[in-house]
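Novice: below: sequence and its predicted model.
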Amino acid sequence: MPLHPNSLHYGDNLDVLRKREDFPDESIDLVYLDPPFNSKRDYNVIYKTPTGHDSDSQITAFEDSWHWGDQAEREYLELVRQTNTDLSELIQALRKFLKETDMMAYLVMMANRLLELHRVLKPTGSLYLHCDPTASHYLKIVLDGVFGKENFRNDITWKRTTAHNDAKKFGANTDTILFYSKSDDWQFHPVFQAYNDEYKARFRNSDPDGRKWSDYDLTAKGLTGGGYTYEYKGFKSLWRCPPETMEKLDKEGRLHFTRSGGIRLKRYLDDLPGIPCQALWDDIAPVNSQAQERLGYPTQKPLALLERIVQASSNEGDIVLDPFCGCGTAVHAAQKLNRKWIGIDITHLAISLIEKRMKDAFPGISFDVHGVPKDFDGAVDLAKRDKYQFQWWACSLVNAQPYQGKKKGSDTGIDGLIFALEDPDEPPKKIIVSVKGGDHVGSAMIRDLKGVVEREKAIIGLFVTLTEPTRDMLKEASSAGFHEVGTMQYPKIQILTIKGLLEGKVQPKYFDQHIVKGSGGFKKAKKEASSLKLSKLPFRSVDGESIAAEDE
């Protein structure tokens, strides 16, 4: 059965992967996953204003904590009863040791998903699991149970920061990447790291054109296995190469005739591939606050890290899967290196960010998005299932950034923010977004929004509603008047229906010199010069309707 390459899937990755019509057996070439580490932290997304400053608007991207409960118990029983008896016995032993703890809940969650990832991997495929010391030792045992301990390939250590000041212990500045193959017939391409300055200093000689080289012995004296005895240009010795090779090297200018009467081989620095990559990766900098590629997503990994993994364990045209795709670094690396890709995430926030990232980096790219509302019925269904995911998704329809994590039990009257840059010499202006997914809306909600706009000193309020507005609501909105920019007038309160936004019949109206349709909170991804010849294709939704990608 065919996969859906170059696609994003919203939902729990266990549910998504178990749809065998979409993810058939042995269909994926490479899996990279960077799951939450059970570090018991809430990870916030930091947004940027159009002028590049951090805004006070944050939203919780995910809660990195797991607890034993009914769901963990159900998944535990599934693991005990599935066909991999080694894993079944292992999970039972871990529960005896860890009891019904948060760590055990985390490992149960991971084990079920790793089973599905093992199923979809091709026999030549590989899996890289990125983790930290919180659970890496337990995850290694679980992976041994799923993949077989004989298919463990590497425990890679990535030095993610130069120093870490931890009280009463050595600084924790590394992550672990566990590398497994599906079988003993896995594909692997050697990766090379750049030479350090100490090694480069050995190349002290230069040709007239500036090429640096160092000389190496061409004689075979002292070597086992023999050699070739002959005279070349007056120099007789036991050589490593036959006469015809010596002549070829001479014609290429690769021989160095020494003053002491010998011949040595020139080895040019720019001909050497580099140092074969070892299991310690200390040459890739993290995505810090000053990094050019920083998008503002928590736990974002550097693109170079994922490029190394993709290059090492896949070929052009292969399919790369990231089931915890976050801000999409793995799919970005796959696209850049001419691979196909599939990403899965459980938040609309992540899916919206990746959509923007990929369109910014690869103008004209075409990909599918599954699991997000495609029509009005889908929007109604999402609103009933998850109020907060609906709000995040609705904010993405108007290019707004979700506000303050929308903590349950609190309501500031703000669901999203847009920062409009009306004058480059002035701070950006704030636009408030209020999202309503219920059946009952009324003019009192419009009055509330007017109050929030005034309180927040915003210029415009957008009321995004699943339900058609009443006549009184429209009247109340029009009574707010207009926000004026020069000779242009924009309604201060605008009512936008989900149906109208989906059908392209309505859109927010305001002036913005930075981005025509509004200032998204995430930083724009750098445009990539991919070796793919990307035609100006539309962005495709899964129902087959085409939506033109935004121009640069």
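Specialist: Thanks, I have the structure now.
Novice: where does the stretch 451-552 of the chain dip in pLDDT?
Specialist: 514-523, 529-552 (pLDDT under 70).
Novice: count of residues packed around the closest residue in space to Tyr10 that isn't next to it in sequence?
Specialist: Nearest non-adjacent residue to Tyr10, counting by CB to CB, 6 or more residues apart in numbering: Gly371, 3.5 Å away. Placement of C-beta: from N, CA and C, glycine included. Here the number of neighbours of Gly371 (other CB atoms under 10 Å) works out to 21.
Novice: please parse the protein into its domains.
Specialist: Per automatic domain parsing, the domain ranges recorded for the chain read 7-63+111-189+276-370, 197-271, 376-521.
Novice: pLDDT of the longest one, averaged?
Specialist: Across domain 7-63+111-189+276-370, pLDDT averages out at 86.
Novice: so the residue nearest to Tyr10 makes contact with Asp12?
Specialist: No. Between Gly371 and Asp12 there is no contact under CB atoms under 8 Å: 9.9 Å.
Novice: does Ala330 sit in a helix, a strand or a coil?
Specialist: Here Ala330 is recorded as helix under DSSP: H, G, I helix; E, B strand; the rest coil.
Novice: re earlier: could you check how far the residue nearest to Tyr10 is from Asn112?
Specialist: Distance of Gly371 to Asn112, given as CB to CB, to the nearest Å: 19 Å.
Novice: so which bits of the helix or strand where Arg308 lies are buried?
Specialist: Remark: Arg308 resides in helix 303-313, with elements defined by DSSP states H and E. By neighbour count with 16 or more other CB atoms under 10 Å, helix 303-313 contains the buried residues Leu303, Leu305, Leu306, Glu307, Arg308, Ile309, Val310, Gln311, Ala312, Ser313.
Novice: tell me the contacts of the closest residue to Lys436 other than its chain neighbours?
Specialist: Distance criterion CB to CB, 6+ apart; nearest residue to Lys436, sequence neighbours excluded, is Thr465 at 4.7 Å. Shown in contact with Thr465 (CB atoms under 8 Å, 6 or more residues apart in numbering): Val435, Lys436, Val441, Ile495, Leu496, Thr497, Ile498.
Novice: Thr465 bridge partners, please.
Specialist: In this entry, Thr465 is beta-bridged to Lys436, Thr497, by DSSP bridges.
Novice: measure it to Gly437 for me?
Specialist: Taking CB to CB, one finds Thr465 at 8 Å from Gly437.
Novice: same thing with Tyr10?
Specialist: The value you get for Tyr10 to Gly437, if CB to CB is used, is 17 Å.
Novice: could you do Asn196 as well?
Specialist: 56 Å.
Novice: repeat for Glu422
Specialist: Counting by CB to CB, the gap from Glu422 to Gly437 is 30 Å.
Novice: can you check Ile284 too?
Specialist: Applying CB to CB to Ile284 and Gly437 gives a distance of 42 Å.
Novice: neighbour count for these two, which is higher?
Specialist: Gly437 (23 against 17).
Novice: ok, and the closest non-adjacent residue to that one?
Specialist: Nearest non-adjacent residue to Gly437 (CB to CB, 6+ apart): Ala383, at 3.5 Å.
Novice: helices along the stretch 451-552 of the chain, start to end?
Specialist: 471-478, 498-503 (DSSP state H, counting those that start in this stretch).
Novice: I'd like these as CSV, with mean neighbour count appended.
Specialist: Putting those into CSV (neighbours: other CB atoms under 10 Å) gives the following:
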stretch, mean neighbour count
helix 471-478, 16
helix 498-503, 18
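Novice: redo these as a markdown table? Include distance to Ile346.
Specialist: Output for the helices of the stretch 451-552 of the chain, formatted as a markdown table (distance: least, CB to CB, whole Å):
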| stretch | distance to Ile346 |
| --- | --- |
| helix 471-478 | 34 |
| helix 498-503 | 22 |
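Novice: who wins for proximity to Glu293 among these?
Specialist: helix 498-503 (30.5 Å; CB to CB).
Novice: quick check, nearest of the contacts of Thr465 to His130?
Specialist: For the contacts of Thr465, the nearest to His130 is Val435 (33.7 Å; CB to CB).
Novice: burial count for that closest one?
Specialist: 27.
Novice: now do it against Cys395, distance only.
Specialist: 7 Å.
Novice: overlap of the contact sets of these two?
Specialist: Asp415, Gly416, Val464.
Novice: most neighbours among the residues you listed, which one is it?
Specialist: Gly416 (28 neighbours).
Novice: isn't that residue right up against Pro402?
Specialist: Yes. Taking contacts as CB under 8 Å, Gly416 lies within contact range of Pro402: 5.5 Å.
Novice: which elements pack onto the biggest helix by length in the chain?
Specialist: Scanning the chain for the longest helix, with DSSP state H as the assignment, gives helix 102-120. Counting contacts by 3 or more CB pairs under 8 Å, 6 or more residues apart in numbering; DSSP states H and E, helix 102-120 is packed against helix 13-17, strand 28-33, helix 70-81, helix 85-98, strand 121-131, helix 136-147.
Novice: average pLDDT for the fourth one?
Specialist: Along helix 85-98, the predicted confidence averages to a pLDDT of 96.
Novice: the inter-axis angle of that helix versus helix 136-147?
Specialist: 160 degrees (axes from the mean of the first three to the mean of the last three CA atoms, to 10 degrees).
Novice: got the buried residues for helix 85-98?
Specialist: Buried residues in helix 85-98 (16+ other CB under 10 Å): Leu87, Ser88, Leu90, Ile91, Leu94, Arg95, Leu98.
Novice: go on, the first one?
Specialist: Taking 16+ other CB under 10 Å as the basis for neighbour counts, the residues of helix 13-17 that come out buried are Asn13, Leu14, Val16, Leu17.
Novice: quick revisit: make JSON lines out of the domains of the chain and add distance to Met104.
Specialist: What follows is the domains of the chain, written out as JSON lines (distance: least, CB to CB, whole Å):
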{"stretch": "domain 7-63+111-189+276-370", "distance to Met104": "9"}
{"stretch": "domain 197-271", "distance to Met104": "47"}
{"stretch": "domain 376-521", "distance to Met104": "26"}
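Novice: so which of those domains gets nearest Lys527?
Specialist: domain 7-63+111-189+276-370 (6.0 Å).
Novice: centre of the chain to that closest one, how far?
Specialist: 6 Å (CA atoms, centre = their mean, to the nearest Å).
Novice: now stretch 487-501
Specialist: 34 Å.
Novice: overlap in contacts, Gly416 and Pro402.
Specialist: Joint contacts of Gly416 and Pro402 (CB under 8 Å, 6+ apart) are Gln391, Cys395.
Novice: coming back round to it: how about the helices and strands packed on helix 102-120, which one is nearest Asp175?
Specialist: Smallest distance to Asp175 across those (CB to CB): 6.3 Å, for strand 121-131.
Novice: CA atoms of the closest one as PDB?
Specialist: Extracted in PDB, the C-alpha atoms of strand 121-131 (Å, rounded to 0.1, in the frame of the first residue of the first chain):
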ATOM      1  CA  LEU A 121      11.000   0.200   9.200                       C
ATOM      2  CA  LYS A 122      12.500  -1.500   6.200                       C
ATOM      3  CA  PRO A 123      15.000  -4.400   6.900                       C
ATOM      4  CA  THR A 124      17.700  -2.000   5.700                       C
ATOM      5  CA  GLY A 125      16.400   0.800   7.900                       C
ATOM      6  CA  SER A 126      17.700   2.500  11.000                       C
ATOM      7  CA  LEU A 127      16.300   4.400  14.000                       C
ATOM      8  CA  TYR A 128      17.900   7.200  16.000                       C
ATOM      9  CA  LEU A 129      16.400   8.000  19.400                       C
ATOM     10  CA  HIS A 130      17.500  11.300  20.900                       C
ATOM     11  CA  CYS A 131      17.300  11.500  24.700                       C
END
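Novice: in the stretch 201-350 of the chain, which spans are helices?
Specialist: 243-251, 303-313, 329-336, 348-361.
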